[in-house]
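**Q** what would the 3D arrangement of this be:
(one chain, ligands or ions: 1)
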Amino acid sequence: MPKITGVETFDVRFPTSKSLDGSDAMNQDPDYSGAYLRINTDAGVHGDSLVFTIGRGNEVQLKAIEILSEKIVGINTSEALQNIGEIARQLSGDSQLRWLGPDYGVFHMGAGGVLNALWDLFAKQRNVPLWKLLSDLSPQAIVNAIDFRYITDAITKQEALDILYRQADYKSDNEAKLRKNGVPAYTTSPGWLGYTDEKMLKLTQEAMDQGFKLLKYKCGKSLEDDQRRLRKVRELVGPDFAIAIDANQVWDVNDAITWINQLKEFKLTWVEEPTSPTDVVGHAKIAAGIAPTRVATGEMAGSRIIFKQLLQSKGFSVMQIDATRVAGVNENLANILMAAKFGVPVCPHAGGVGLCEMVQHLAMFDAVAVTGHHPGRVVEFVDHLHEHFVVPTDIQNGNYMAPLSPGAGAEIHQASIDEFKFPSGTYWKNGA
Ligand SMILES: [Mg+2]
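**A** Sure thing, here's the model as predicted:
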């Protein structure tokens with residue numbers, strides 16, 4: 001019986017704060033980092049994943065992963081996939097650790113890291129990419145992976161099964177289309193707040209030339225700056241090109257409504273993270289106050305329970321799941337199915353380090369097995385740090401092309417780990 005023999009962890013930090021890549025109104029100097037883990041087995045195959053952080057505190061995230069990892073050592077890997085729902089509940093429901101949550105925060109994200117590494121292991125064992133593994137699972141197996149506790153007032157197991165069975169006849173067509181065209185991407189690369197107008201416009205033109213159909217700009221530091229930047233962008237891209245903005249939670253609720261309504265002339269596709277990610281009622285008020293401009297959020301929604309409330313209260317029109325914010329693939333399956341029931345498109349959050357590589361699999365599963373291909377889905381892409389990944393993203397003409405290599409996407413080259421391991425890697429040791 002093949003078994004999990006142990007879990008290695010690495011504190012990996014990339015010095016992105018030097019170039020202001022990733023800068024926005026809230027996060028002014030991020031060092032894109034991964035609390036990285038590798039599940040080892042006695043069969044040779046390993047499962048890798050990471051929890052994304054932006055620098056300081058990565059060691060705390062790593063400690064949570066180490067504590068939770070003890071629960072999976074010794075597990076029989078040939079039975080783990082069919083028991084993944086139970087494993088997920090054990091990771092999230094530890095009778096003492098859950099005090100430090102529950103269902104959100106460092107331990108919840110740690111559980112996600114362990115689960116995502118297990119899914120990477122499952123995919124590699126079967127020699128398929130994660131999107132394909134998920135798409136080929138039976139509806140019953142998908143539902144068994146989900147913890148429905150606290151969400152049955154929004155979606156029942158039977159409703160989730162019905163959604164999956166409805167798409168079953170279309171899965172092979174959907175997969176063929178995915179393999180040919182991928183799924184549409186949008187990019188935030190031109191829009192970081194720390195960039196000059198010249199750099200922003202140059203990158204905007206480049207992104208349009210690359211085929212992206214939606215561009216997103218950071219905002220929320222100064223209304224005058226936002227108006228000036230958006231006016232310049234509008235002039236360049238023309239009246240009909242889709243542009244969105246992202247405030248990264250800087251506003252109070254009433255300020256958000258006032259501010260956003262002063263940007264109406266720029267015809268924004270959505271306004272992202274206008275206020276605190278846990279303020280569901282506030283999001284509902286903002287959504288009503290800025291309509292028909294749409295609210296998007298979710299990259300810091302800590303659990304399926306927050307997503308449930310955002311759906312029920314009409315707090316957003318665009319669900320932005322993140323691969324490492326919640327408890328892994330399992331909880332994102334719940335989020336994707338809830339969104340399908342409420343008719344809200346899932347437009348995953350990415351950027352960071354590894355988030356593009358990971359979350360694309362979930363969007364592709366959605367496109368094959370849940371909601372099919374539709375114009376409401378667009379997946380964030382940011383062109384940083386992909387060279388460190390064993391299976392980097394493949395963007396062609398503004399689309400994420402489906403990865404065909406086995407795994408869930410988060411595996412980093414060992415040479416990159418050795419260079420950027422904090423603080424002992426060669427980059428940090430040599431006086432960075
Ligand atoms: Mg964002």
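
**Q** list the buried residues for stretch 124-131?
**A** Going by neighbour count (16 or more other Cβ atoms under 10 Å), the buried part of stretch 124-131 is 124-125, 128-131. Yep, even glycine has a C-beta here, placed from its N, CA and C like the rest.

**Q** what's the spacing between it and its chain's center?
**A** Centroid separation for stretch 124-131 versus its chain: 19 Å, with Cα atoms, centre = their mean, to the nearest Å.

**Q** how long is it from one end to the other?
**A** In stretch 124-131, first residue to last residue: 12 Å (Cα to Cα, to the nearest Å).

**Q** quick one: contacts for residue 107?
**A** 64, 67-68, 97-98, 100-101 (Cβ atoms under 8 Å, 6 or more residues apart in numbering).

**Q** redo that, cut-off 10 Å
**A** Counting by Cβ atoms under 10 Å, 6 or more residues apart in numbering, residue 107 touches 61, 63-65, 67-68, 91-92, 94, 97-101, 327.

**Q** give me the buried subset of the residues you listed.
**A** 61, 63-65, 68, 91-92, 94, 97, 101, 327.

**Q** show me what from the stretch 101-250 of the chain comes close to the ion.
**A** Where the stretch 101-250 of the chain comes near the ion, counting by Cβ under 5 Å from the ion, the residues are residue 246.

**Q** that older thread, residue 424: which of the buried ones among the contacts of residue 107 is nearest?
**A** Using Cβ to Cβ, residue 63 comes nearest to residue 424 of these, at 16.8 Å.

**Q** regarding residue 109, what is its secondary structure?
**A** For residue 109, the assignment made with DSSP: H, G, I helix; E, B strand; the rest coil gives helix.

**Q** any idea how many residues pack against it?
**A** Applying other Cβ atoms under 10 Å, we find 24 residues neighbouring residue 109.

**Q** and it, how far is that from the ion?
**A** 17 Å (Cβ to the ion, to the nearest Å).

**Q** do the same with residue 91
**A** Per Cβ to the ion, residue 91 is found 27 Å from the ion.

**Q** please apply the same query to residue 388.
**A** With Cβ to the ion as the criterion, residue 388 and the ion are 22 Å apart.

**Q** now swap in residue 262 and tell me
**A** With distances taken as Cβ to the ion, residue 262 is found 21 Å from the ion.

**Q** quick one: contacts for residue 326?
**A** Residues in contact with residue 326 (Cβ under 10 Å, 6+ apart) are 103-104, 108-109, 111-112, 115, 298, 301-307, 332, 334-335.

**Q** ok, now with 6 Å
**A** Contact partners of residue 326, counting by Cβ atoms under 6 Å, 6 or more residues apart in numbering, are 112, 303.

**Q** do the same with the one 4 residues further on
**A** For residue 330, the residues meeting the contact criterion (Cβ under 6 Å, 6+ apart) are 88, 115, 145.

**Q** what is the burial count for the second one?
**A** Translated: residue 115. Other residues lying near residue 115 total 26 when counted by other Cβ under 10 Å.

**Q** so it is in which element?
**A** Remark: residue 115 resides in helix 106-125, with elements defined by DSSP states H and E.

**Q** now, among the contacts of residue 330, which is nearest to the ion?
**A** Proximity of the contacts of residue 330 to the ion was ranked by Cβ to the ion; the top entry is residue 115 with 23.2 Å.

**Q** skip the chain neighbours and tell me the closest residue to that closest one.
**A** Using Cβ to Cβ, 6 or more residues apart in numbering and skipping the chain neighbours, the partner closest in space to residue 115 is residue 328 (3.1 Å).

**Q** so where is the stretch 301-432 of the chain shaky, pLDDT-wise?
**A** Within the stretch 301-432 of the chain, the ranges that satisfy pLDDT under 70 run 432.

**Q** nearest to the ion within the stretch 201-350 of the chain, name that residue for me.
**A** Across the stretch 201-350 of the chain, the shortest distance to the ion (Cβ to the ion) belongs to residue 246, at 4.3 Å.

**Q** for that residue, give me its contacts.
**A** 216, 218, 272.

**Q** who is the closest residue to it other than its chain neighbours paired with across the strands?
**A** Leaving aside its chain neighbours, residue 246 sits nearest to residue 272 (3.9 Å; criterion: Cβ to Cβ, 6+ apart). With DSSP bridges as the criterion, residue 272 is bridged to residue 246, residue 296.

**Q** if I look at residue 272, how far off is residue 15?
**A** Distance of residue 272 to residue 15, given as Cβ to Cβ, to the nearest Å: 26 Å.

**Q** neighbour count winner among the two?
**A** Set side by side, residue 272 and residue 15 show more neighbours around residue 272, with 28 against 15, by other Cβ under 10 Å.

**Q** ok, that one to residue 297 distance?
**A** Distance check for residue 272 against residue 297: by Cβ to Cβ, it reads 6 Å.

**Q** for the stretch 101-250 of the chain, what spans make up the helices?
**A** For the stretch 101-250 of the chain, the helices defined by DSSP state H, counting those that start in this stretch cover 106-125, 130-136, 139-144, 157-168, 171-181, 197-209, 223-237.

**Q** can you list those in a markdown table and add mean pLDDT?
**A** Below are the helices of the stretch 101-250 of the chain laid out as a markdown table (pLDDT from 0 to 100):
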| stretch | mean pLDDT |
| --- | --- |
| helix 106-125 | 98 |
| helix 130-136 | 98 |
| helix 139-144 | 98 |
| helix 157-168 | 98 |
| helix 171-181 | 98 |
| helix 197-209 | 96 |
| helix 223-237 | 98 |
